[in-house]
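> how would this look folded up:
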Amino acid sequence: MLKELKISNLAIIDKIDLEFEKGFVVLTGETGAGKSIILSGVNLLIGEKASIDMIRDGESILTAQGIFSVEDSQKKEIKKLGIELDDNDDEIIIRRTYDISGKGKAFINDNRVTLASLKEIGLTLIDIVGQHSHQMLLNKNNHLKLLDKFLDDDGKEAREEVRLLSKTYFDLTNQITNIENSRKEIREKKEVYEFQVEEINAVSPKLEEDIELETKYKVKFNAGMIKEKLLNSKKNIQDDENNILSKIRNVIKNIKSICKYDEEYEEIATRMEKIYYDLEDCGDIISSLEDNMNVDPLNLIKISERLDSIGKLKIKYGESIDEILNYRDEILQKISDFDENKFTMDSLIEKKIKTEEEYWVKAKELSKIRKNLGITIEKLLETELKDLQMENAMFSINFNKRENIFADGIDEVEFFISTNLGQEKKPLSKIASGGEVSRIMLGLKVVFSTVDNIPVLVFDEIDTGVGGETIRKIATKLEKIGKNTQVISITHSPIIASRANDQFYIKKEVQENSTVTTVTKLDKGSRLNEIARMLAGENITSSVMEHARELLEEIN
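Numbers count the residues shown, from 1 in each chain. Okay, here's the model as predicted:
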């Protein structure tokens with residue numbers, strides 16, 4: 001319910017602070033006093049658009065704030081926005097500002113939210129019903145949702161099964177489509193892929209083979225010069241008595257002959273011996289390298305041709321042998337998938353056909369439940385309309401079968417009505433008469449308010465265009481809805497006003513050369529005077545006062 005409403009700098013409203021109770025509340029006052037402006041403030045709290053001309057003259061920013069008590073269903077929606085609520089929190093504060101530069105802000109519990117999010121939450125908190133504010137009920141896109149609110153546990157279970165089957169169906173469809181697209185791509189390129197695999201396999205490059213070949217190529221290309229240098233080095237180390245090894249042996253012999261005179265000479269001799277043996281090993285290695293160095297032009301050509309073959313693969317398939325082999329593995333996998341996906345797709349198609357069959361069976365069961373439920377709702381609403389002096393009204397819920405699969409089933413639902421005897425039923429959205437619209441909306445609200453879980457209903461001059469006994473019926477209906485839901489009604493009808501639990505009087509007056517709207521909660525005596533004013537204007541007589549007293553005593 002709406003517990004408190006604060007508005008500042010909205011049109012002719014300077015500042016108001018209203019506290020509401022449960023039940024049936026009315027806002028009354030003279031025409032032009034600002035009742036519709038208060039409604040505009042409520043609209044701001046549920047995400048409706050604001051404009052600069054709404055800001056009070058001379059002010060720079062307008063503000064609307066509401067404190068709402070909330071239940072678990074509203075908490076769940078709020079938490080979806082990332083706003084934390086304790087399980088014990090049973091209130092939220094919605095605040096909306098709009099400044100002269102055209103910038104607006106919206107907050108829930110001081111958390112900034114988008115206007116779209118505020119509107120989404122607002123739809124769960126308040127429903128405004130009036131001649132031009134009943135879009136939810138008139139919009140046929142909402143009719144199936146409204147009908148489904150009456151589903152029992154079996155109906156809800158059937159609807160959930162339909163939803164899950166539709167999800168499975170579309171998931172399978174997407175998988176099949178993806179595989180088909182993949183197979184089509186592979187089919188178109190299969191011959192190319194096979195050629196590429198053969199081309200890579202014909203060369204069969206090994207990892208880092210190109211690096212090894214380039215090293216070999218450099219060696220073979222310079223083989224003559226390398227062999228000459230190795231031969232010369234070998235000669236210097238090994239070939240004659242005047243070689244390096246011979247000279248080192250003589251040095252070692254000389255040093256060892258004087259070792260007995262100083263330990264330092266022994267250390268030098270040891271180090272020289274190590275050098276000797278290391279050099280001797282190097283000589284053997286150089287000799288082996290020189291013996292194995294083959295200056296063969298044919299071998300150089302083979303290495304060059306191999307490098308050239310690998311280089312051509314690099315141009316086509318990757319900058320390295322690793323990338324070439326990865327590419328080959330990828331297209332081999334695609335070729336393999338082409339064959340494997342055929343079996344996968346056959347299995348998916350089989351599942352899809354089975355799921356579709358199950359969907360239609362379950363969707364038809366749900367449709368049957370809905371149609372039986374529709375008959376009950378039709379009777380309930382016709383009873384309500386007859387009670388609102390629309391004795392000849394005929395209401396029906398029209399079902400059209402969808403040919404495709406939808407998450408909410410095969411039913412396309414729209415409310416139809418005929419308000420006069422012999423008149424063909426027409427879509428609810430085509431109703432033209434203001435008085436008829438008001439009564440139909442009220443009748444629908446009586447029926448649907450028990451299940452749509454919206455805690456606050458605002459009726460904007462629902463008495464427009466009707467009078468007499470019909471007004472009494474409307475008042476009774478509003479009073480009835482107020483037993484379960486907070487009802488706030490803006491009205492000019494003294495009969496409706498007299499049935500309320502609480503009444504607020506809205507007055508426009510001039511203060512310090514400025515027009516302002518004030519709102520006062522009326523006590524019992526003030527209510528009597530206001531009801532009398534609503535009955536007779538300024539010409540209040542004792543009989544008018546007595547009539548006003550009788551109206552109030554009917555309910556109080």
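
> only C-alpha atoms from now on, for both contacts and neighbour counts.
Fine.

> and for the one helix or strand Thr476 maps to, what's in contact with it?
Assigned by DSSP states H and E, Thr476 falls within helix 468-481. Contacts to helix 468-481, defined as CA atoms under 8 Å, 6 or more residues apart in numbering, come from residues 23-24, 387-389, 439, 442, 446, 449, 463, 487, 493, 495-496, 499-500.

> what of stretch 43-57?
The contact list for stretch 43-57, computed with CA under 8 Å, 6+ apart, reads 9-14, 61-62, 64-66, 94-96, 98-102, 104, 115-116, 118-123, 125-126.

> how close does Lys79 sit to Asp89?
Applying CA to CA, to the nearest Å, the value for Lys79 to Asp89 is 12 Å.

> I misspoke; the intended subject was Glu357.
In terms of CA to CA, Glu357 sits 46 Å off from Asp89.

> follow-up on the earlier one: from the contacts of helix 468-481, which land in helices?
The helices, defined by DSSP state H, take in Asp387, Arg439, Leu442, Val446, Ile495, Ile496 from those.

> where in the stretch 51-200 of the chain is pLDDT low?
Low-confidence segments of the stretch 51-200 of the chain (pLDDT under 70): 130-136.

> that one: strands as residue ranges?
61-69, 91-99, 104-108, 111-113, 126-130 (DSSP state E, counting those that start in this stretch).

> quickly run through the sheet partners of the first one, with directions.
Read it as strand 61-69. Here strand 61-69 is paired, per DSSP bridges, with strand 2-10 (antiparallel), strand 91-99 (antiparallel).

> okay if I get those strands as CSV plus mean neighbour count and distance to Lys312?
Below are the strands paired with strand 61-69 laid out as CSV (neighbours: other CA atoms under 10 Å; distance: least, CA to CA, whole Å):
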stretch, mean neighbour count, distance to Lys312
strand 2-10, 20, 78
strand 91-99, 20, 69
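
> so can I have JSON lines of those strands showing distance to Leu207?
Formatted as JSON lines, those follow (distance: least, CA to CA, whole Å):
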{"stretch": "strand 2-10", "distance to Leu207": "75"}
{"stretch": "strand 91-99", "distance to Leu207": "67"}
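
> out of the ones you listed, which is closest to Gln511?
strand 2-10 (14.8 Å; CA to CA).

> what distance separates that closest one from the centre of its chain?
Centroid separation between strand 2-10 and its chain, computed with CA atoms, centre = their mean, to the nearest Å, is 31 Å.

> over to stretch 317-336?
Centre to centre, stretch against its chain (CA atoms, centre = their mean), the figure for stretch 317-336 is 39 Å.

> over to stretch 110-129?
That offset, for stretch 110-129, works out to 16 Å (CA atoms, centre = their mean).

> which of the ones in helices among the contacts of helix 468-481 count as buried?
Burial by neighbour count, judged by 16 or more other CA atoms under 10 Å, picks out Asp387, Arg439, Leu442, Val446, Ile495, Ile496 from the ones in helices among the contacts of helix 468-481.

> out of these, the closest to Lys352 would be?
For those, the nearest to Lys352 is Val446 (43.2 Å; CA to CA).

> in space, what's closest to the closest one - neighbours in sequence excluded?
Leaving aside its sequence neighbours, Val446 sits nearest to Ile481 (CA to CA, 6 or more residues apart in numbering; 6.3 Å).
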